[in-house]
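Participant: Got a sequence here, can you model it:
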Amino acid sequence: MKKKNYCVRDVIPDTPDTFYDAVERSLASCRDERQERAFTGLRLPRKWMLPLVAALVLLVAGTAVAAGMWLRENYSPTSYMETAKEKREEQGKTIPDVEQAIASAAPKTGDYTFVMLPELEDAQVLDDFRVKMGQPKYNEADWAWIKDIKPEVEEVLIDGRTLAFNIRLNTDHAKAFAWPDVEGQWVDALVDNISFRKEGDSMAYPIVSSGGGVNPNMGTDSWATLYTDVILDQQDVTFPTEGRVELTVEIGIRDARVEDLAPIGNVAKLYYTFSFDAAAGTEVAPAQVTERKLSGSYVLTVDDWTDPDKPRMYNRRVSLDGVALKEEIRYRQTGVYVTYTVKEAPTDWAEAMKSSLLYPNREGKWHGLYIEYRIGQEGEWLPVGHENWGKFGENTVILPIFPSEYGKAKAEGVTLRMTEYYGTALNGTPIGEDWTMDIPAGSMTWNFDLAAQELMTIELPLP
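Facilitator: Here you go, the predicted structure:
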């Protein structure tokens, strides 16, 4: 399998004025969302690309890295990694088991090389767009400082499901990186492509980044930190679980005054290789798989994209008799991962109904499945953590219970509570149990009033 080298012209056939206008309109909405967040991870799955997607559509999902976001109430391995090690230690909020997992990866820095804009395959397209966006044509002297950047892998966290890593970009121009809308910051960096080689195997296998960006909360006058994560169980290849792995990342250095979100803003590419120990993500105990049967009458709010040309949303009261969930529990150094999928359902259940039943309701503020946990019978119900991306039709949650705590937690008992929410009103207008609406093209306000229905409460087994 040979690494696919994506470039701008792979997805942009030519550059008429209408293209540039569409780029500006579409990415403006992405910036509006980005400005609302403390740190925004950028989602650009290459295998989903359609013509113009690289420049027109960016799936934006973010995880704030303010101190409270990575406490146990909202814990996930990626949010933990998005907080600088120095800040974790300074605030006394480190989790020893997770720190051990990070240390076990034992990353080692490798070779790197730069390719400047004139040497890129899309040089003319990129330079034309610079001019279109009101910037001068590329001048080598203005960007010579990029070649002095020294990349260095800081931390790697692999948990069997997610790979996350921080790359330090050592440079005297560190203050120019991060937010393009902050005075003095006008350069961005994003990982555009990744490939890995297993120990003893010369073949390079491509994998797709699920998010990342220069983290404004991690950096100094002399270095900036580029964060990236990869959801491993959504890749087309199986990632190694033992031995050292060599990762090669293709980093686009963007002129954010032209465009920070899409490759059309590239002025250079940095190819950087580093290695780490894949065994750091090995599970600490055998997984447990259980079937959970549901029953009763419930209302589901369903997102139905079966016909992409005519998506719709509807409420339906359904019987859960005959519905069974597959519950898969995995015990990792970085927490207890619980995954639910629909194992059985009545024949008249559409796929959209199965997916909507499990739709991750992260804060109890949207329709779908909301999951909480508590330790001890008198313990407080706490929200579980979620990674930023999940498979369609799957709900995976992460409990911040770690191997060193299993004994105490097991003695007290760990309980999961699952609650299904459905909409009772949309934008102030009541909607009934037999409501249907075609989803309009373009944007609209989605302000639901919700009702809760408890599905089940279970005792979670620990090793």
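Participant: list the helices and strands the particular helix or strand that has Y227 in it packs on?
Facilitator: Element membership for Y227 (DSSP states H and E) is strand 223-231. Under the contact definition 3 or more C-beta pairs under 8 Å, 6 or more residues apart in numbering; DSSP states H and E, strand 223-231 sits against helix 77-81, strand 162-170, strand 187-198, strand 211-219. Heads up, the C-betas are built off the backbone N, CA and C, glycines and all.
Participant: Try it again at 7 Å.
Facilitator: Secondary-structure packing of strand 223-231 (3 or more C-beta pairs under 7 Å, 6 or more residues apart in numbering; DSSP states H and E): strand 162-170, strand 187-198, strand 211-219.
Participant: Minimum distance to K293: which of these has it?
Facilitator: For the helices and strands packed on strand 223-231, the distance to K293 is smallest for strand 162-170, at 30.3 Å, taking C-beta to C-beta.
Participant: Tell me the neighbouring strands of that closest one, and mark each as parallel or antiparallel.
Facilitator: strand 150-158 (antiparallel), strand 223-231 (antiparallel) (DSSP bridges).
Participant: which one of those is the most hemmed in?
Facilitator: strand 223-231 (a mean of 24; mean count of other C-beta atoms under 10 Å).
Participant: What ranges does the chain have for its helices?
Facilitator: In the chain, the segments counted as helices under DSSP state H are 8-11, 17-35, 53-56, 77-81, 85-90, 96-104, 123-132, 140-143, 351-357, 406-412.
Participant: And those helices, which one averages the lowest pLDDT?
Facilitator: Lowest mean pLDDT within those: helix 53-56, a mean of 30.
Participant: And the protein, what are its domain boundaries?
Facilitator: Domain ranges of the chain: 8-280, 285-459, per automatic domain parsing.
Participant: most packed of these?
Facilitator: Mean neighbour count (mean count of other C-beta under 10 Å) peaks for domain 8-280 among the domains of the chain, with a mean of 18.
Participant: just how off-centre is that domain within its chain?
Facilitator: Distance of domain 8-280 from its chain centroid, counting by C-alpha atoms, centre = their mean, to the nearest Å, is 12 Å.
Participant: Between the two ends of stretch 401-421, how far is it?
Facilitator: 26 Å (C-alpha to C-alpha, to the nearest Å).
Participant: Need the residues that contact that stretch.
Facilitator: By C-beta atoms under 7 Å, 6 or more residues apart in numbering, the surrounding residues in contact with stretch 401-421 are 95-97, 284, 298, 333, 335-336, 338, 361, 364, 367-377, 381, 450-460, 462-463.
Participant: before we move on, what about stretch 214-228?
Facilitator: 39, 65, 81-82, 84, 154, 165-172, 174-175, 177-179, 188-189, 191, 209, 212-213, 251.
Participant: Return the per-residue confidence for V249.
Facilitator: pLDDT, V249: 97.
Participant: I figured it hits V191, correct?
Facilitator: Yes - using C-beta atoms under 7 Å, V249 is in contact with V191, at 5.0 Å.
Participant: what pLDDT does the closest residue to R316 other than its chain neighbours get?
Facilitator: Distances taken as C-beta to C-beta, 6 or more residues apart in numbering put L300 closest to R316, at 5.7 Å, once the chain neighbours are dropped. Looking at L300, its pLDDT is 96.
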